[in-house]
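*Asks:* Fold the following.
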Amino acid sequence: MAASEYQVTGMTCGHCEMSVREEVGEVAGVADVQVSAQTGRLVVTGDGEIDDAQILAAVEEAGYQAARV
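*Replies:* Below is the predicted model of the structure:
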């Protein structure tokens with residue numbers, strides 16, 4: 001299992017977290033998504049190598065911006 005951490009900006013509530021979790025969860029190879037609107041932290045765990053571009057695109061699709069930490 002490989003984990004990648006990102007900083008997400010713009011999240012303010014549980015609905016924001018749910019939106020990010022749903023979009024990122026659809027990325028191939030993602031096994032687990034932990035996200036916190038309070039800290040802006042997103043941790044993605046996958047079976048293999050996580051594709052940063054796909055994760056960042058999924059966060060953007062949810063309406064937010066992210067950067068790899």
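*Asks:* Reduced to three states, what does Met11 come out as?
*Replies:* coil (DSSP: H, G, I helix; E, B strand; the rest coil).
*Asks:* Chain neighbours aside, what residue packs nearest to it?
*Replies:* Ala37 (4.0 Å; CB to CB, 6 or more residues apart in numbering). Heads up, the C-betas are built off the backbone N, CA and C, glycines and all.
*Asks:* Do I have it right that the one you found meets Met18?
*Replies:* No: in this structure Ala37 lies outside contact range of Met18 using CB atoms under 8 Å: 9.7 Å.
*Asks:* Have a look at these two and say which one is more surrounded.
*Replies:* Taking other CB atoms under 10 Å, Ala37 and Met18 do not tie; Ala37 has more neighbours (18 against 13).
*Asks:* Flag every buried residue along the helix of greatest length in the chain.
*Replies:* The residue-count maximum for a helix in the chain (DSSP state H) belongs to helix 14-25. Residues of helix 14-25 classed as buried: Cys16, Glu17, Ser19, Val20, Arg21, Glu23, Val24 (neighbour count, 16 or more other CB atoms under 10 Å).
*Asks:* residue contacts, the second one?
*Replies:* Residues counted as contacts of Glu17 (CB atoms under 8 Å, 6 or more residues apart in numbering) are Met11, Val35, Ser36, Ala37.
*Asks:* just the last one next, same as before
*Replies:* Applying CB under 8 Å, 6+ apart to Val24 gives the contacts Val30, Val33, Val35, Leu42, Val44, Ile55, Ala58, Val59, Ala62.
*Asks:* residues touching the last one, list them.
*Replies:* This means Ala62. The contact partners of Ala62, taken as CB under 8 Å, 6+ apart, are Ser19, Val20, Glu22, Glu23, Val24.
*Asks:* Kindly recompute the last result at 7 Å.
*Replies:* By CB atoms under 7 Å, 6 or more residues apart in numbering, Ala62 lies in contact with Ser19, Val20, Glu23.
*Asks:* got a pLDDT number for the first one?
*Replies:* Turning to Ser19, the model gives it a pLDDT of 98.
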